[in-house]
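Peer 1: this one's sequence-less:
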Ligand code: NAP
């Protein structure tokens, strides 16, 4: 059965502020009410995490790794069930939801392996007379705040490295999608999670819980994934106590198709980069820059694929679901209207089911003749619109790609790998897909440049985000 209460100290507790509703974006109807965490619950979660830290940080890395490894196995065992839960509260298709479960589970496997290779360093001071011993320690209690667009992956990408490093955590999932986080907690308990190591407090108002954590001297780390605006608010709060901060923020990914690209591969990559999860990914291709020589052909091939997308509820076996809420539909509609006013044309559109009027639906759309300075290419759309801008020289398209304060992901399609690397290196983005529309990989550093974030998740770096480095300078009289 799906849990609906707060998860503190391995107990399911009613929230101090009553309940709030989790809504199915495909119908607009309540899935179920969930406990609403209060400030007192936020404190209780830190009490549990701080108490557990004293022992968890000393648990052997292998033992911690075994719990993570078992969680990976349990998530894979329950992949279908977890996928259905993600699809229910987020709205994405079952294919996308189950793909997310696999991706999310992989963070447990990766950090089960990475956590047993803590490493360190031992050196001889250049001047002699001293030895240097470098070790890594858990940063302490970590506050994790996650968005709704990947309800499982954004949580596991933080929980797994934090626990591998020896930290304990308090997590506030997005109010739209807390059920998946609870389901993962259940599996972690089954995997042997000790009390207090992971604590989950959703709330109808994020700030009442998170601000309390930011003020609590026992919380040493904030790891946030969400919008750049809220990231900025949290960084200001972190400044007061110099809280160690990792920020995974908004994106505005350019996707470049060169004149020498394999157009079938480019279209296939674009379908993934643009339409996975209905375009509601931080790495989503936000603006397509297609060389003038191939723009017509590319738009026609992409448009044919988009027009044939099956839009509908996940349970109907759809390719693409609704947006997350009415606000998202409103924002996406306004961006589309603005682009049309600026001279863009709709070439293709998928049809939205007329029998699901109460959900938050938006038709996947392809736009051509989009002016390079249109609002839609400068704002993060977070919806299934593919605006196409054409270009003629590499210098021109690099200028377009970098004309933003965001720098999370980018995509380049070209038949010339050297050109792909040259373009990729010239783009100010933390992750560049070359001839592919997906950059996420637990073994690779995920994160952004400029206002897209600070720090990296995944890979070795994801573990280091939850560690402090210490060195001992040891007097070493030479013989
Ligand atoms: P959001 O509004 O910033 O919310 C993210 C999280 O922050 C949610 O848990 C939210 O809680 C919480 N929050 C909201 N206001 C807060 C406050 N004042 N203090 C503390 N926490 C607060 O972002 P979103 O709309 O959920 O997600 C979309 C954004 O996330 C996009 O910009 C996307 O690019 C970005 N994103 C980035 C990455 C990455 O890895 N770089 C990955 C995924 C998404 P509530 O749900 O209760 O409001």
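Peer 2: That came through fine. From a predicted model like this one, the values you see are computed outputs, not experimental measurements. Residues are numbered from 1 along each chain as shown.

Peer 1: quick one: low-confidence parts of this protein?
Peer 2: The chain contains residues with pLDDT under 70 at 1-2, 356.

Peer 1: so which bits of it are right by the ligand?
Peer 2: 145-149, 154, 172, 174-176, 206-207, 210, 225-227, 230, 233-234, 248-251, 282, 380, 408, 448, 453 (CB under 6 Å from any ligand atom). Any C-beta I mention is one placed from the backbone N, CA and C, and that applies to glycine too.

Peer 1: so which of those are in strands?
Peer 2: 145, 172, 225, 248, 453 (DSSP state E).

Peer 1: contacts only, for the single nearest residue of the stretch 1-150 of the chain relative to the ligand.
Peer 2: Closest to the ligand within the stretch 1-150 of the chain is residue 147: 3.3 Å, counting by CB to the nearest ligand atom. Going by CB atoms under 8 Å, 6 or more residues apart in numbering, residue 147 touches 154, 174, 225-227.

Peer 1: repeat the analysis, applying 6 Å as the threshold.
Peer 2: Neighbour list for residue 147: 154, 174, 225-226 [criterion: CB atoms under 6 Å, 6 or more residues apart in numbering].

Peer 1: count of residues packed around the closest residue to the ligand within the stretch 151-300 of the chain?
Peer 2: Proximity of the stretch 151-300 of the chain to the ligand (CB to the nearest ligand atom) peaks at residue 226, 2.6 Å away. Residue 226 has 21 neighbouring residues, counting by other CB atoms under 10 Å.

Peer 1: for the residue nearest the centre of the chain, give me its contacts.
Peer 2: In the chain, the C-alpha nearest the mean C-alpha coordinate belongs to residue 154, at 4.6 Å (CA atoms, centre = their mean). Contacts for residue 154 (CB under 6 Å, 6+ apart) come out as 146-147, 225.

Peer 1: hmm, back to that, neighbour count added to the ones in strands among the residues of the chain next to the ligand, as JSON lines?
Peer 2: Listed next are those as JSON lines, based on neighbours: other CB atoms under 10 Å:
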{"residue": "145", "neighbour count": "24"}
{"residue": "172", "neighbour count": "26"}
{"residue": "225", "neighbour count": "26"}
{"residue": "248", "neighbour count": "27"}
{"residue": "453", "neighbour count": "26"}
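
Peer 1: between all of the residues you listed, which two are separated the most?
Peer 2: With distances taken as CB to CB, the most widely separated pair in these is 172 and 453, at 18.3 Å.

Peer 1: next, give phi and psi for residue 34.
Peer 2: Dihedral pair for residue 34: phi -130, psi 150, per degrees, to the nearest 10.

Peer 1: beta partners for it?
Peer 2: Beta-bridge partners recorded for residue 34 (DSSP bridges): residue 20.

Peer 1: what about it, how many residues nearby?
Peer 2: That count, for residue 34 with other CB under 10 Å as the rule, works out to 26.

Peer 1: just residue 473 next, same as before
Peer 2: Residue 473, neighbours per other CB under 10 Å, totals 10.

Peer 1: confirm it sits in a strand?
Peer 2: Yes: assessed with DSSP: H, G, I helix; E, B strand; the rest coil, residue 473 lies in a strand.

Peer 1: how about residue 292: what's its closest non-neighbour residue?
Peer 2: Among residues not flanking residue 292 along the chain, residue 390 sits closest, at 4.5 Å (CB to CB, 6 or more residues apart in numbering).

Peer 1: is it true that residue 338 touches residue 377?
Peer 2: No: here residue 338 lies out of contact with residue 377, judged by CB atoms under 6 Å, at a distance of 10.7 Å.

Peer 1: please identify which of these two sits among more neighbours.
Peer 2: Set residue 338 next to residue 377 and count neighbours by other CB under 10 Å: residue 377 wins out with 27 against 14.

Peer 1: was I right to think that one contacts residue 287?
Peer 2: Yes: look at residue 377 against residue 287 with CB under 6 Å: they come within range, at 4.0 Å.

Peer 1: identify the contacts common to those two.
Peer 2: residue 387.

Peer 1: count of neighbours near residue 397?
Peer 2: 25.

Peer 1: wait, isn't it in contact with residue 290?
Peer 2: No: using CB under 6 Å, residue 397 and residue 290 do not qualify as a contacting pair, with a distance of 9.4 Å.

Peer 1: which outside residues touch stretch 201-212?
Peer 2: Contacts of stretch 201-212 (CB under 6 Å, 6+ apart): 6, 20, 34, 36-37, 39, 41-42, 45, 145, 172-173, 175, 178.

Peer 1: can I see the domain layout of this structure?
Peer 2: 6-249+452-472, 253-441 (automatic domain parsing).

Peer 1: export these to TSV and append columns for distance to residue 479.
Peer 2: Supplementary listing: those in TSV, determined by distance: least, CB to CB, whole Å:
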stretch	distance to residue 479
domain 6-249+452-472	11
domain 253-441	49
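
Peer 1: the helices in the stretch 351-479 of the chain, which residues?
Peer 2: Along the stretch 351-479 of the chain, the segments classed as helices by DSSP state H, counting those that start in this stretch run 375-378, 394-402, 417-426, 459-464.

Peer 1: what about the residue nearest to residue 281 when sequence neighbours are not counted, how many neighbours?
Peer 2: Closest residue to residue 281 apart from its sequence neighbours, by CB to CB, 6+ apart: residue 149 at 6.1 Å. Using other CB under 10 Å, residue 149 has 24 neighbouring residues.

Peer 1: I figured residue 149 hits residue 282, correct?
Peer 2: No: the criterion here is CB under 6 Å, and residue 149 misses it with residue 282 at 7.2 Å.

Peer 1: contacting residues for the nearest residue to residue 465 once chain neighbours are set aside?
Peer 2: Closest residue to residue 465 apart from its sequence neighbours, by CB to CB, 6+ apart: residue 246 at 4.7 Å. Residue 246 makes contact with 223, 455, 465 under the criterion CB under 6 Å, 6+ apart.

Peer 1: may I see the helices of the stretch 351-479 of the chain organised as a markdown table, with distance to residue 54 added?
Peer 2: Shown next, in a markdown table, are the helices of the stretch 351-479 of the chain (distance: least, CB to CB, whole Å):
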| stretch | distance to residue 54 |
| --- | --- |
| helix 375-378 | 49 |
| helix 394-402 | 47 |
| helix 417-426 | 46 |
| helix 459-464 | 21 |
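
Peer 1: quick one, which of those is nearest to residue 116?
Peer 2: For these, proximity to residue 116 was assessed by CB to CB; helix 459-464 is nearest, at 11.0 Å.

Peer 1: mind giving me the packing neighbours of the closest one?
Peer 2: Applying 3 or more CB pairs under 6 Å, 6 or more residues apart in numbering; DSSP states H and E, one finds that helix 459-464 contacts helix 153-165.
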